[in-house]
Structures are given as C-alpha cells and as structure tokens.
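Asks: predicted model and sequence below, questions to follow.
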Amino acid sequence: MKVHFIAIGGAVMHNLAITLRKRGYIVTGSDDEIFEPAKSRLASFGLLPPETGWDPSKITPDLDYVILGMHAGRENPELLKALETDVKIYSFPEFLYEQTKNKKRIVVAGSHGKTTTTAMIMHVFRHLGLKFDYMAGSSVDGFESPVGISEDSTIAVFEGDEYLTSAIDKRPKFLHYKPDIAIINGIAWDHMNVFPTFEEYREQFRLFAETITDGGTLIYFADDSEVKKIAAETGNNIRKIPYRVHGYFQNKTGFYAATICRVVPVKIFGEHNMQNLSAAREACMAAGISEDDFYEAIQSFSGTSRRLQKIFENTNGVAFLDFAHAPSKVKATVEAVASRYPGKKVVACLELHTFSSLNISFLPFYRGTLENADFRFVYFNPGVVKAKNLPPITREMVREAFGQENTEVFDDSAEMISSIKKLNPPNPLYLFMSSGDFDGLDLKTISEELLSD
C-alpha cells in the first residue's frame, strides 16, 4: 500500500505514519512546519520530508489513499490536487475506523480525563497480554507510540476528541468511530471558536451517543447533569451503565482505591483520577475483563505524559506538569495536588493558551479555579492572542476575571519565572498547567533550579 500524509507533523499524524511504515506501507508526507519530537521521530524512520512546504506533485495516481491532517487548510495545494483526482482521502479518524470496523471499539469521550481513561484501559489490556489497537492523545508508559494498529487484534481503544475532523469535514472526530463501548466522562464547555455556545458544544456529545452501535454500551458519569441527560435522551437499543467517583483514601503510606471488599494501592491520585479509574473499570468489564484482573493491573498504572506528570522531586519539594487548560480541569488539578500534599505550599502557574482561555468573554469561567493554591501565577502571550485574531487582553483584565487576591498575571514568561524564583516558600509544590509550552521554557530544568539547595 502507498499512502501520503498531508500535514504529517501532527502529534497523531506522525505516529500513524510511523505505524504504517512499520507495517510495510510505502509512506510519504508533507508539512509546512514540523516540531520536536515529531521531527526526530520521523527522521529516525526515514519519513521526514526533505524540505518543509507543500508539493502537489506528491499527489500521484499510484497512491492508494491520502490521509489529511487538521493542520492542512481548505486551500492546501496538495489537498486541492487530491480532490481533483480519484485518490481516496481519509482523515485520521476515518482511517482508524476503516482499519477497525470489524473489531470491537472502545471510545473514550468527554471534556476532560479522556486521555488518562484511555491510557488506563490500554495499560490494563497490555498488562493482561491482550492484542489490541489504540490511539491516545499523549505518550503512555510502556507504549513506544500513542498509536497502534495490527492485523490480528480483535479490539481497539480510542480517545474520542470532539474537535473538528479536517478542513473538508467539520464534524467532531469522535463521530467517525461508531463505538461498541462508549464513555462520556463529563461536559464542560470548550472550543468556543468552533462551538460558540454551550448548547452547540453539548449537542456534539448527544450526536456521539447516537453513533453507538446497536446492542452497544454507554458508560456515563452519573454526577454530571448534562451527561446524565444525554444518557436519558439516547435510544433504548443500547445498554447504559452509570458510574461515579471510585472510592479512595490516602495516608502517609500512599493513595488507595477502595471498595467495600478491597483496597488497592495506586500510583495516581486525586478525585478526578478516581473518576477516570471508575470509567476505565466499567469499560474493561464491558469488554470481558474480570474485576480481579482489572484491580491487579491498575496498581502499576503511573499516568500519562503531561497529566499530573511529576517532572522533578527531591527533599526540598516536588514539581508537576499538567495539560489542564479548561476551567473545570484547572480547578480539579489544583485541588488534587493540594489534597495529596497537605503540608506543602502550592505554587500554581497557569498558561492561558487556547482560543477559549484567551477570549475575554470566556475568562470569567476561571473565577475561583486557583483558590486552593497558596501562590497563583497566570501567564498569557499577547502574540498568541493576536495570532488567534482575538481582541487584545491586558493583565488587569485577566486578574479581574480570576477574581482572587494575590493572583499575579504576566505577559512575559521570563518575568514570570523570575518572580516565581523570588518566592522561595518552605516545602513547595510547583504546579505548571498548560496546553502550550510557556514559550518553550525548559520546565524540568527550571524545577530543578527552584528546588535546589
């Protein structure tokens, strides 16, 4: 098979390209910008385009199909050439469905927690020696790549993203997967650039629930009123399984998941992760995994990249990095570390990076989200605001929106880090939260400096 990737540098796209190369496909690709780690990974498999940019001559009659990434615009010259020919064009979610349409598909959806829940299910399956296909939105311990497709597996686990599919398909990605087992773990308005009202955003999850196959299963978080409504609205030809936050407790020896009849130590912590664990448990059991096997396997799950990821720790303190950016997730993440480390001074640092978070009409949703932190820092890059064609915002606008005293707001990342270094609190916990990268700051090195003697 011969396949060409338009926008090969994307997080999922480059991993899918590598996966297909390993399966013996002839793979080519193009992109106008490729960053690390995608650049090095593509180069190591001989897939890095010799030069950046688009080249319509790469769309040749001998291609079996083209895979189109979201980064490519509607006027992309390679896409226009492909549309003029008879070559089959897939978005990556369409391609994943095509590869797994005869397999049992588990799809994890929701505004937050879907990467971790997907990774938990993947971890349990791998621990039990099962063969399965998968796609997660982040690196997962024990997996060389967050994307895997095989010829002989009978089950697939996908993270279901509600963002748009491609320049020529404005439906959410998760509407393509047609799950046999679906999870909806919560609905909190996000992506207001494409879903300008909460009602439009919520509707995507209702449509997702309607894509569950006949006789399939919907696993839903019963303590989210919107999710509960969607479960009630969905047709009766599926099984519906509600779940709640898994029982847990913590003490000086660690963090434990608990039921009436068992207590198991776990490496993760926080109420939100216990919600994720509960969803993963129900999905694994729906797929035929026993409770005993699930609990035995989940004890060794250590999390995923940038999801409450511990980036440095010594006797002076600890530092975490988290992907939190939506208000509900920011609040849950701060609460989780404050609860798990009650004796530490929490220094929370949040970068506003998404379209929603940099929108003045959305900013008030962040009010109170950092209240469990002892020190509060918020950063935004005016250049990113401009690049997203949003109205300018000021430090004072952001400070007022958060509505908390002692919240320091910066529009210069170096100035923010300098201010954090001057704190020097006793027994600190540094928490960096962003869907970006704080303008490329090396947060691990900075954490080592902050926690040096």
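Replies: It's in.

Asks: over to the nearest residue to residue 392 once chain neighbours are set aside: give its phi and psi.
Replies: Using CB to CB, 6 or more residues apart in numbering and skipping the chain neighbours, the partner closest in space to residue 392 is residue 385 (6.3 Å). Quick note: C-beta positions are derived from backbone N, CA and C, even for glycine. With angles defined as degrees, to the nearest 10, residue 385 sits at phi -60, psi -50.

Asks: where's residue 385 relative to residue 196, distance?
Replies: Here the criterion is CB to CB, to the nearest Å. By it, residue 385 lies 18 Å from residue 196.

Asks: could you pull out the buried residues of the longest helix along the chain?
Replies: Longest helix of the chain, by residue count under DSSP state H: helix 271-286. The neighbour-count check on helix 271-286 (16 or more other CB atoms under 10 Å) flags 272-286 as buried.

Asks: care to break this protein down by domain?
Replies: 2-86, 95-298, 309-450 (automatic domain parsing).

Asks: mean pLDDT for those domains - can I get that in a markdown table?
Replies: Putting the domains of the chain into a markdown table (pLDDT from 0 to 100) gives the following:
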| stretch | mean pLDDT |
| --- | --- |
| domain 2-86 | 94 |
| domain 95-298 | 94 |
| domain 309-450 | 93 |
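
Asks: enumerate every residue touching residue 31.
Replies: Neighbouring residues of residue 31 by CB atoms under 8 Å, 6 or more residues apart in numbering: 7, 8, 9, 10, 49, 52, 69, 71.

Asks: quick check: closest non-adjacent residue to it.
Replies: residue 9 (4.0 Å).

Asks: quick one: that neighbour and residue 36 touch, right?
Replies: No. Residue 9 is beyond contact range of residue 36, at 10.2 Å (criterion: CB atoms under 8 Å).

Asks: quick one: which of the two has more around it?
Replies: Using other CB atoms under 10 Å as the criterion, residue 9 and residue 36 rank with residue 9 on top: 23 against 7.

Asks: please report how far the more buried one lies from residue 139.
Replies: In terms of CB to CB, residue 9 sits 16 Å off from residue 139.

Asks: tell me which helix or strand residue 179 sits in.
Replies: Using DSSP states H and E, residue 179 is not contained in any helix or strand.

Asks: what about dumping the CA coordinates of stretch 371-389 to CSV?
Replies: This file holds the C-alpha atoms of stretch 371-389, laid out as CSV (Å, rounded to 0.1, in the frame of the first residue of the first chain):
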residue,chain,number,x,y,z
GLU,A,371,-8.3,29.1,45.2
ASN,A,372,-6.6,26.0,46.6
ALA,A,373,-3.2,27.3,45.7
ASP,A,374,-1.0,29.3,48.1
PHE,A,375,0.6,31.3,45.3
ARG,A,376,-1.1,32.0,42.0
PHE,A,377,0.6,32.9,38.7
VAL,A,378,-1.2,33.3,35.3
TYR,A,379,0.6,33.8,32.0
PHE,A,380,-0.5,34.7,28.5
ASN,A,381,1.4,35.6,25.4
PRO,A,382,-0.1,38.7,23.6
GLY,A,383,1.4,37.3,20.3
VAL,A,384,-0.7,34.2,20.6
VAL,A,385,-3.8,36.3,21.3
LYS,A,386,-3.1,38.3,18.1
ALA,A,387,-2.3,35.1,16.1
LYS,A,388,-5.8,33.8,17.0
ASN,A,389,-7.4,37.0,15.8
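
Asks: off-centre distance for that stretch?
Replies: 20 Å (CA atoms, centre = their mean, to the nearest Å).

Asks: for that stretch, buried residues please.
Replies: Neighbour count says stretch 371-389 has 371-381, 384-385 buried, by 16+ other CB under 10 Å.

Asks: okay if I get the residues you listed as CSV plus distance to residue 255 and secondary structure?
Replies: Below are those laid out as CSV (distance: CB to CB, whole Å; DSSP: H, G, I helix; E, B strand; the rest coil):
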residue, distance to residue 255, secondary structure
371, 22, coil
372, 17, coil
373, 20, coil
374, 21, coil
375, 24, strand
376, 25, strand
377, 27, strand
378, 28, strand
379, 30, strand
380, 33, strand
381, 35, coil
384, 36, helix
385, 38, helix
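
Asks: bridge partners for the closest residue to residue 426 other than its chain neighbours, pull those for me.
Replies: Spatially, and ignoring its direct neighbours in sequence, residue 426 is nearest to residue 345 (6.5 Å; CB to CB, 6+ apart). Beta-bridge pairing for residue 345 (DSSP bridges): residue 428.

Asks: measure residue 345 to residue 244 for me?
Replies: To residue 244, residue 345 is 32 Å away according to CB to CB.

Asks: okay, the two: which has more neighbours?
Replies: Between residue 345 and residue 244, counted using other CB under 10 Å, the more crowded position is residue 345 (17 against 12).

Asks: show me what contacts the more buried one?
Replies: Counted by CB under 8 Å, 6+ apart, residue 345 has contacts 374, 375, 425, 426, 427, 428, 429.

Asks: residue 246 now?
Replies: Here residue 246 is in contact with 257, 258, 259, 274, 275, 277, 278, 281 (criterion: CB under 8 Å, 6+ apart).

Asks: again with residue 397
Replies: With contacts defined as CB under 8 Å, 6+ apart, residue 397 is in contact with 360, 363.

Asks: repeat that for the one 5 residues further on.
Replies: When the contact criterion is CB under 8 Å, 6+ apart, the partners of residue 402 are 363, 366, 367, 368, 369, 370, 376, 378, 409.

Asks: just flag the most distant two among these.
Replies: Maximum pairwise distance among those (CB to CB): 15.6 Å, between 368 and 409.

Asks: neighbour-wise, which of these two wins?
Replies: A count of neighbours by other CB under 10 Å puts residue 409 above the other of residue 368 and residue 409, at 22 against 12.

Asks: for the helix or strand the more buried one falls within, name the packing helices and strands.
Replies: Assessed by DSSP H and E, residue 409 sits inside strand 407-410. For strand 407-410, the packing partners by 3 or more CB pairs under 8 Å, 6 or more residues apart in numbering; DSSP states H and E come out as strand 375-380, helix 395-402, helix 413-421.

Asks: okay, these in a markdown table with distance to residue 249 next?
Replies: Shown next, in a markdown table, are those (distance: least, CB to CB, whole Å):
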| stretch | distance to residue 249 |
| --- | --- |
| strand 375-380 | 28 |
| helix 395-402 | 32 |
| helix 413-421 | 32 |
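
Asks: out of those, nearest to residue 161?
Replies: strand 375-380 (24.1 Å).

Asks: just the angle between the closest one and helix 413-421, please?
Replies: For strand 375-380 against helix 413-421, the angle by axes from the mean of the first three to the mean of the last three CA atoms, to 10 degrees is 180 degrees.

Asks: tell me the helix or strand right after the helix or strand harbouring residue 19.
Replies: The secondary structure element spanning residue 19 is helix 11-22 (assigned by DSSP H and E). Downstream of helix 11-22, the next assigned helix or strand under DSSP H and E is strand 26-30.
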